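Visitor: need a structure here:
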Amino acid sequence: CADGVVHEQSAPQADQCTKLFAGDSSLRGCFAYANPESFREACNKQVADASGEAKEEAACNIALSYVGYCYYVHFVPINLPEHCGKCQVGGQSLHIGESAPVKVPQKEADVVIVVEQLEDNKEIFTNLISPLVSTLRNDLKERGIVDVNFALIGYGAPNQHWPSLYTFNGEYNGFSGSAKNIYFSEPAKVTKPKLSDRLQEIKKTLFNEIGFSKPAKAFQLAFDYPFRPQALKTIVGVMSSGCDRAVLPVCEDGFMIVLLKHRYNKNNSYK
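Guide: The predicted structure is shown next:
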């Protein structure tokens, strides 16, 4: 990235920033937790440096930074102002809250592959998943779906507490079948259970009940993947440790369980 521009003096108050960081803005839910003044000042400077329609975009970029800061630092979820969010659906531009009919699939497909990074899956990843990418791409191409993106999510290694969305040349949707930075480890072995092991088992059971287990977090990340609106959407799960079903009735209806019950077993058959 280029060096930032140093501003020696405060920029004039911009109307775009006043709407975002004052009054009844949708950001106000975090004002009591994270002082917005520094963001408002940054917004004023960015807007002053921009021109035309770029002024609104510059202000919205600062608003997006504030939303992320509130969520990841203060754990306060707030909504981005509606005029700041938009996406392209075909030739139509939609803002937050707007909708449009979409015919799926057209010529696009997004495939997310979720892999448990245990040693049992290493051979499956090499001999099954890697060829699967090119096979799927060719099969979809024969059906007129020529724009196919693949993403790779890994989870479940002994010391891997959070799932990883792997990037390739800086792109999260550039998985082509091989990943040099993914690793597979043996699960931790317990010969004679100690008190700490029993506590870990209780913790694992609790996390499974509340949807915070390692598989749950990985597949939730897959569900939250930014699928393209007009794309055929697919999630492929590759697991070796099986799925722990929730015990409490309140968890029985979770869509997470339905997905996690399907897995590739060690013999490369689908279960």
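
Visitor: so where's the stretch 101-250 of the chain uncertain?
Guide: 104-105, 188-193, 195-198, 200-212, 242-250 (pLDDT under 70).

Visitor: Which stretches in it count as strands?
Guide: 108-116, 147-155, 164-165, 231-238 (DSSP state E, counting those that start in this stretch).

Visitor: partner strands of the first one, parallel or antiparallel?
Guide: In its sheet, strand 108-116 lies beside strand 147-155 (parallel), strand 231-238 (parallel), with partners assigned from DSSP bridges.

Visitor: Can you add mean neighbour count and distance to residue 90 and give the ones you listed back as CSV?
Guide: From N, CA and C alone the C-beta is placed, and that goes for glycine too. Below are the strands paired with strand 108-116 laid out as CSV (neighbours: other Cβ atoms under 10 Å; distance: least, Cβ to Cβ, whole Å):
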stretch, mean neighbour count, distance to residue 90
strand 147-155, 22, 13
strand 231-238, 18, 12
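
Visitor: Export these as CSV, with columns for distance to residue 129.
Guide: Listed next are those as CSV, based on distance: least, Cβ to Cβ, whole Å:
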stretch, distance to residue 129
strand 147-155, 9
strand 231-238, 6
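
Visitor: Which one of those lies nearest to residue 182?
Guide: strand 147-155 (5.5 Å; Cβ to Cβ).

Visitor: any residues touching that closest one, and which ones?
Guide: 107-117, 133, 136-137, 140-141, 160, 162-166, 172-177, 179, 182, 214-215, 217-218, 221-222, 225, 228, 231 (Cβ atoms under 8 Å, 6 or more residues apart in numbering).

Visitor: Not including adjacent chain positions, what is the nearest residue to residue 82?
Guide: Spatial nearest neighbour of residue 82, excluding adjacent residues (Cβ to Cβ, 6 or more residues apart in numbering): residue 96 at 4.3 Å.

Visitor: ok, now which ones touch that neighbour?
Guide: 79, 80, 81, 82, 84, 85, 86.

Visitor: pLDDT score for it?
Guide: pLDDT recorded at residue 96 is 80.

Visitor: how much space between it and residue 116?
Guide: 35 Å (Cβ to Cβ, to the nearest Å).

Visitor: Remind me what the longest helix seen in the chain packs against, helices and strands.
Guide: Longest helix in the chain, counting residues (DSSP state H): helix 54-74. If you count contacts as 3 or more Cβ pairs under 8 Å, 6 or more residues apart in numbering; DSSP states H and E, helix 54-74 packs onto helix 15-20, helix 37-49.
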